[in-house]
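Peer 1: how does the following fold in three dimensions:
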Amino acid sequence: MDEREVSMIYLESPSTDPTFNLALEEYAFGHLNPQEEYFMLWRNRPSVIIGKHQNAQQEVNLLYAEQHHIPVVRRLSGGGAVYHDLNNLNFTFIVRGAVPELSMERFAAPLLAACRRFGIQARIEGRNDVTADGRKFSGNARYVERGRTMHHGTILLQTDRETMEQVLTVSSDKIESKGIASVKSRVTSLSLCAGYVIEPDVFSAVLREEVFGTDMPHQYMWTEEDLRQIELLKQNRYATWAWNVGTFPVYEVTRRRRIEGCGIVETSFSVLGGRISEITLRGDFMEFLPVSELEEQLLGCRIEPGELEAFLQTCRPEQYICGLTAHILARMLCGLL
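Peer 2: Residues are numbered from 1 along each chain as shown. Model (predicted):
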C-alpha cells in the first residue's frame, strides 16, 4: 500500500473451504491483536457468497447450487452476491479506524498498481467496484465494529461465466422481502483484459508486493488453538443452513410446481425468523384429509431441508394431498424443487 509506514502482518488461509475461510476472517477480526493490522489473500472452491442483509432465496438458484455442490455462505459484510472459484482471488484488510475515515482509494491502491504491472488500466467505479474496460472485475465490501474495519474484495482472474450466470439466476418464484438485491453488473476477468491467462499464484505475488513492498512480510502462523476456534465458528455459523439461508428475518414466497402423480401444487407462505408463520396450499390435486390441517401443522416449522423433511415424515402429507410426499414438499418449500 502507499501507506507503508503502517506495519501490516500477512495472513494466509490453509483452506479453500468457503465456510472455513469466512470463519477465519471473523476470527482474525475479533481475536487477533487489535493493535495490529492484517492483510490476507485467500481462495475458495466454487461457492456463492451472499451479503449479510440478502435473502438467499432471492439471490441464488438454490437447486442448481445443490446439484453442482456449490455451497451458499453468508458473510458478515453487506453488499451483493458473488460467485467464487479457484480461478478467483480474494483479499482482506483488517485495520484500525472506521468508515468514513478509511477510503476505498486506500484499499484499492495496491490492486490498481498490481493491474498496471500486467498492462491493465483499472479504476474505481461507484462506491465499491473496480473496473477495467468499463467492466467490473472486483467487488468490495466492509464490516465495521469497535473502531476496526474489515475490508474485503474479490478479484476475477479467470471466470467460469456459465456457472456464475446459472447459479446467480434465480427461478421465477415470487419472493418478496426487504433483502438487499444484488446489482447486476457487466463483468470481466483480468485474464480477458490482459489477453493471456493470469494465474492466481502469479497475481498473488504481485499484489502482495504492492501491499508490503519487496521485503518479506511478517506472517502470522496459526496455532492449533486458533484453528480449533475457527473450526468451531465454522460449524456453529458458516456451515449451517440457518445462518446461510434460513435466518432472513421476514419474507414471503409463492411457488407453483407440477408434481408427477399429484398435479399442480401452489404454496404461498410467510417466513419470520426462519420459521413458517403463515401458509396456504392450493392446486388441482386430489384432497384426502383437510389440507387446512396440514397447513396448521406446518406453522412454526423451520425452513431447513433435513429438519423440515423429518417433521413432515411424521405428518405424512400424502394423507392430505394425493401423491405429495414429505421429501417433495420439504424441497419445494426450501426452493430445492
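Peer 1: residue ranges of each domain in this structure, please.
Peer 2: Taking automatic domain parsing as the reference, the chain has its domains at 8-246, 250-333.
Peer 1: any chance of these in JSON lines, plus mean neighbour count?
Peer 2: Heads up, the C-betas are built off the backbone N, CA and C, glycines and all. Output for the domains of the chain, formatted as JSON lines (neighbours: other C-beta atoms under 10 Å):
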{"stretch": "domain 8-246", "mean neighbour count": "18"}
{"stretch": "domain 250-333", "mean neighbour count": "17"}
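Peer 1: just send these back as a markdown table, with mean pLDDT too.
Peer 2: Shown next, in a markdown table, are the domains of the chain (pLDDT from 0 to 100):
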| stretch | mean pLDDT |
| --- | --- |
| domain 8-246 | 90 |
| domain 250-333 | 92 |
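Peer 1: my read: residue 212 touches residue 37, true?
Peer 2: No: judged on C-beta atoms under 8 Å, residue 212 makes no contact with residue 37 at a distance of 11.6 Å.
Peer 1: any shared contact partners between these two?
Peer 2: When contacts are counted by C-beta atoms under 8 Å, 6 or more residues apart in numbering, residue 212 and residue 37 have residue 8 as shared neighbours.
Peer 1: which residue, other than its chain neighbours, is closest to residue 121?
Peer 2: residue 132 (6.7 Å; C-beta to C-beta, 6 or more residues apart in numbering).
Peer 1: how far off centre is the host helix or strand of residue 256?
Peer 2: Element membership of residue 256, judged by DSSP states H and E, is strand 250-259. Relative to its chain's centre, strand 250-259 lies at 22 Å (C-alpha atoms, centre = their mean, to the nearest Å).
Peer 1: in its sheet, what does that strand sit against?
Peer 2: strand 174-177 (antiparallel), strand 263-272 (antiparallel) (DSSP bridges).
Peer 1: what's the nearest residue to residue 83 if we skip its chain neighbours?
Peer 2: Of all residues not flanking residue 83 in the chain, residue 164 sits nearest, at 4.1 Å (C-beta to C-beta, 6+ apart).
Peer 1: and for residue 192?
Peer 2: residue 159 (7.8 Å).
Peer 1: how far away is that neighbour from residue 190?
Peer 2: 9 Å (C-beta to C-beta, to the nearest Å).
Peer 1: one more: residue 214?
Peer 2: Taking C-beta to C-beta, one finds residue 214 at 22 Å from residue 190.
Peer 1: then residue 324?
Peer 2: Taking C-beta to C-beta, one finds residue 324 at 49 Å from residue 190.
Peer 1: the strands paired with strand 250-259: which one's closest to residue 62?
Peer 2: strand 174-177 (11.3 Å; C-beta to C-beta).
Peer 1: re earlier: could the strands paired with strand 250-259 be laid out in a markdown table, adding distance to residue 168?
Peer 2: What follows is the strands paired with strand 250-259, written out as a markdown table (distance: least, C-beta to C-beta, whole Å):
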| stretch | distance to residue 168 |
| --- | --- |
| strand 174-177 | 15 |
| strand 263-272 | 22 |
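Peer 1: closest to residue 117 out of those strands?
Peer 2: Here strand 174-177 is closest among the strands paired with strand 250-259 (C-beta to C-beta), at 43.0 Å.
Peer 1: so which elements touch whatever helix or strand the residue nearest to residue 83 lives in?
Peer 2: If you go by DSSP H and E, residue 164 is part of helix 161-167. Using 3 or more C-beta pairs under 8 Å, 6 or more residues apart in numbering; DSSP states H and E, the elements in contact with helix 161-167 are helix 62-67, strand 82-84.
Peer 1: now with 10 Å, please.
Peer 2: On a contact count with 3 or more C-beta pairs under 10 Å, 6 or more residues apart in numbering; DSSP states H and E, helix 161-167 meets strand 47-50, helix 62-67, strand 82-84.
Peer 1: the protein: strands as residue ranges?
Peer 2: 8-12, 37-42, 47-50, 72-74, 82-84, 88-96, 122-125, 129-132, 135-145, 148-156, 174-177, 250-259, 263-272, 275-283 (DSSP state E).
Peer 1: so which of the ones you listed comes closest to residue 25?
Peer 2: Across those, closest to residue 25 is strand 88-96 (C-beta to C-beta), at 5.8 Å.
Peer 1: how distant is the closest one from the center of its chain?
Peer 2: For strand 88-96 - counting by C-alpha atoms, centre = their mean - the centre lies 16 Å from the chain centre.
Peer 1: ok, now stretch 56-66?
Peer 2: What separates the centre of stretch 56-66 from the centre of its chain is 11 Å, taken as C-alpha atoms, centre = their mean.
Peer 1: nearest to residue 313, out of the helices and strands packed on helix 161-167?
Peer 2: helix 62-67 (19.9 Å).
Peer 1: what's in contact with that closest one?
Peer 2: 46-48, 56, 61, 70-72, 163, 166-171, 245, 305, 331, 334-337 (C-beta atoms under 10 Å, 6 or more residues apart in numbering).
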